[in-house]
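Engineer: starting from these lines, generate the structure:
(3 chains)
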Amino acid sequence: MDAYLIAIAIVSGIYLLLALGLNLQFGLTGLINFGHVGFFCVGAYTSAILSTNGVPVAWSLLAAALVGMLAAWPLGVISIRLREDYFAIASLGFSEIVRLVATSEGWLTNGVQGIAGIPRIFSGVTGQSQAIAMLAIVTVFCVLAILAMRRIVRSPFGRMIEAIRDNEEAVKSLGKDPAGFKMQVLLLGSMLAGLSGALYAHYIGYISPDQFIPFITFQIWMAIIMGGVGRISGTVAGVIILMVFLEGSRFLRDIAPFIPEVAMASIRLGAIGLALMLFTIYRPQGLMGDYTKR
Amino acid sequence: MTLEIKEMSKAYGGLTVVDRVSITMEDADIIGVIGPNGAGKSTLFSLVTGFLDGNGGDVVLDGKPLGNASAVERAQAGMVRTFQVPREFAHMTVRENLMAAAPGQGGENLITTFFRPASVARQEKEIAGKVEETIRFLKLGVVADTPAGRLSGGQKKLLELGRALMTGAKLIMLDEPFAGVNPVLIEELSQKIRELNARGIGFLIIEHDLGALSKLVSKLYVMDRGKLIASGEPAAVLSDAAVREAYIGGGAN
Amino acid sequence: MTGFAELLLSGVMSGLIIGLAGLAVTLVFGIARFSNAATGDTMTLGAYGALLGTTLTGSLIFGGLVGLLAGALAAVLSYVLVFRQLANRSPISSLLASIGLAFFVRAGLGLAFGHNQSVFQLDIVRPIRFLDLRIQPNDLKFAAIALVTLVIVFIILHMTPIGRRMRAVADNPLLARVSGIAPRPVMFTLWAMAGAVSAIAGIILGMKTVVSPEMGWDMLLPAFAAAVLGGIGHPVGAIVGGLVIGVAQELATPFVGFTYKIAVSFIVLLLVLLVRPRGMFGRVEGVR
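Structural biologist: As a prediction, this is how the structure comes out:
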């Protein structure tokens, strides 16, 4: 297989884990999380710090998922009962604080220089087989996550979060507390984000605070909106579209090498921004249509 | 089942929209609250059910003061309301709406969902049985698998009543159950309410449609501009001069 | 003691900038009913507009006016093209679109002006000494501009017919619709005002520090915090909220370090939302 395609597939898988979590939160429950990248960041740093200090990668991955989840707990306790737009802002602020901590606490995170030399997941193999092994791991996690989402959608829990998305007040009137459900959804989504961050750290090998900007969060938002909010298949489709776009912009630079990388970054930012506006205005149901038909 | 609403009040700035309203229900009755538009009936409902914070007053359910219990806690205590504009779960079918309302579902947390699927499935079966009963009782069979958002106004009112029944409520508070419902269905709905009441469920009903309501309730309270202006047996209340004044003056239809 | 007083002073200055940004947030929230995340990048746009205007005309005053107009125009355009289309949908749609708009504006500015930091060429003036306290004359001018802005906003809101209509919409949008208040002039005025106020905040910030495409986005959290602290929809409250946050940030800096300054506004924001969601001056909000 072409090394390039494998690389894209790995990154897509990492994004898909993020997107599945966000789709659970926003698409299925209606929870507006603007701080998703914060948990991705926490997971990446957890696994990077542990594994560069000699902890086996299998354990550091597990730890990243758990710490990602734990990081969401205080945010949830403090702000899950807030009005939805206030929660959105609080979560955005939370992810900025996480990045601030990663920047400032040099003793732990090596500050702006970031952490280099993060070990690969299978240190025994090299080259192409290393990449294929990585792809296999990412695929396994994605499949597990999709199966988990499917079980949730068909469970009483899934019924309840759908009810919350449809009408929170009515849920309260039946004696069920939406906050408890939202909390679980926040924790699970953040666990997936933490795991995704760890996989990212081990795949790229180097992390620094400027990789965890809010722009990442909104790329994921764009993906789930494009694919069709609330649909698992839509999430997969959305991530593919996002990857095509991100890679396409790289190809554009191959054709037009005179465009500097900073300009390309601006173009990507602008295009995602434009797409966010256009989709919210003209096609809030996404490319694949109504989310009620899963 | 007994209910005591004590001196409920609510003011916005200088405007008092509910002014020390007290209502008593002894032994699972059917009680009506009427009044012209803007009399504060719906606000009173929101205060009693905890959807709105009041400025004084308390609710005592079965001898227990609810104090500042939240809307969720009040519903769990057995006091379940419906809404003037029905709040069905629009994207879910009627059956799913009713399933969702069943209390104490183990499958409503992720741990049991993933690690104890067998017990969840068992409970689902049990709940599905109760849902079938409710669907049959309310004659919602034809629309059982229709998304609730597509129901008619009257069917949505029935569905909300059904959800309240599924929670096992002791007291059901209906906000204008007859509004926009055709006369045949009103008669049927009244009949259902009587049957349920005979099984020991109390009803507190806000209504505009005096004709249907006065035949149903044992006691009628009249609100006007936030205050109770009359209460008692329906026939006596409706012949009261002040009530007639408020109603005709308020331009009720 | 002077150290403390100087920190306080510098806190008041950044507080005025945060307050102006918060004022723009609060105006939009009060009338258009959503949190506008593009406020920060409208600030950046205003700063670049002023920079360009100054270079072209050679005058800071004209430059500033160009920046102000750019901000106002951009905000009105954003209403016409984006937010008006979303007026009847959930405020979340508008919030999400405003984030898209913020990215779009920042990207445009980055492409047009590059990512290097630019500075305004201000005359270097010797600081005034007042009781051992060094005060930059420019700071006095900036403070005066901020106050004049607030006064003008206040005059528009309270002494003009359009302002009275705006406040009517803010108090009760449903009632305002029923009583036939034409939404269009109200919304145009609102967005022009919010855009101009953001631009002024951006210009002052740019003159005090440096101008870069990222400068406005970083002001977003402090601006939201100021608006929430002041009681959302309350113009004076936003300014007072901004001052509180600005001073708190400066006073906290010796203890928490420079980088955690933004965290101060986040913590203020959370505390207010938890303890007193209606803010210092806010009215009780009706049920949703």
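Engineer: who in chain A is up against chain B?
Structural biologist: A:148, A:151-152, A:155-157, A:159-160, A:162-163, A:165-167, A:169-177, A:180-181, A:184, A:188, A:291-292 (C-beta under 8 Å from any C-beta of the partner chain). In this view, the C-beta of every residue, glycine as well, is placed from N, C-alpha and C.
Engineer: report the buried members of the residues you listed.
Structural biologist: Neighbour counting by 16 or more other C-beta atoms under 10 Å in any protein chain shown classes A:148, A:152, A:155-157, A:159-160, A:162-163, A:165-167, A:170-177, A:181, A:184, A:188, A:291 among those as buried.
Engineer: now intersect those with the helices, please.
Structural biologist: Judged by DSSP state H, these include A:148, A:152, A:156-157, A:159-160, A:162-163, A:165-166, A:170-173, A:181, A:184, A:188 as members of helices.
Engineer: packing partners for the longest helix anywhere in chain C?
Structural biologist: If you go by DSSP H, chain C has its longest helix at helix C:2-32. Counting contacts by 3 or more C-beta pairs under 8 Å, 6 or more residues apart in numbering or on different chains; DSSP states H and E, helix C:2-32 packs against helix C:39-57, strand C:133-135, helix C:137-159, helix C:161-171, helix C:183-208, helix C:220-230, helix C:235-256.
Engineer: among the ones you listed, which is the most enclosed?
Structural biologist: Comparing the helices and strands packed on helix C:2-32 by mean neighbour count (mean count of other C-beta atoms under 10 Å in any protein chain shown), helix C:220-230 ranks first with a mean of 30.
Engineer: what helices or strands is it leaning on?
Structural biologist: helix A:84-104, helix C:2-32, helix C:39-57, helix C:235-256, helix C:261-275.
Engineer: please name whichever of those is nearest to C:P137.
Structural biologist: Closest approach to C:P137 among the helices and strands packed on helix C:220-230 is made by helix C:2-32 (12.6 Å; C-beta to C-beta).
Engineer: list the buried residues in that closest one.
Structural biologist: Those would be C:7-32, for helix C:2-32 by 16+ other C-beta under 10 Å.
Engineer: same deal with stretch B:46-62?
Structural biologist: Buried residues in stretch B:46-62 (16+ other C-beta under 10 Å): B:S46, B:L47, B:V48, B:T49, B:G50, B:F51, B:L52, B:G54, B:G57, B:V59, B:L61.
Engineer: surely C:A226 and C:A21 touch.
Structural biologist: Yes: C:A226 lies in contact with C:A21 (C-beta atoms under 8 Å); the separation is 7.0 Å.
Engineer: identify the contacts common to those two.
Structural biologist: C:G242 (C-beta atoms under 8 Å, 6 or more residues apart in numbering or on different chains).
Engineer: within range of chain A, give me the residues from the stretch 101-250 of chain B.
Structural biologist: B:101, B:103, B:105, B:107-110, B:113-114, B:117, B:120, B:123-124, B:147, B:163-164, B:167.
Engineer: please pick the buried ones from the residues you listed.
Structural biologist: If we count by 16+ other C-beta under 10 Å, these have these buried: B:101, B:105, B:107-110, B:113, B:120, B:123-124, B:147, B:163-164, B:167.
Engineer: on the three-state scheme, the residue minimising distance to the centre of chain B is what?
Structural biologist: The centroid of chain B falls nearest to B:M173 when counting by C-alpha atoms, centre = their mean (2.2 Å). Assigned by DSSP: H, G, I helix; E, B strand; the rest coil, the conformation of B:M173 is strand.
Engineer: hang on, it packs against B:G78?
Structural biologist: No: B:M173 lies out of contact with B:G78 (C-beta under 8 Å); the separation is 11.1 Å.
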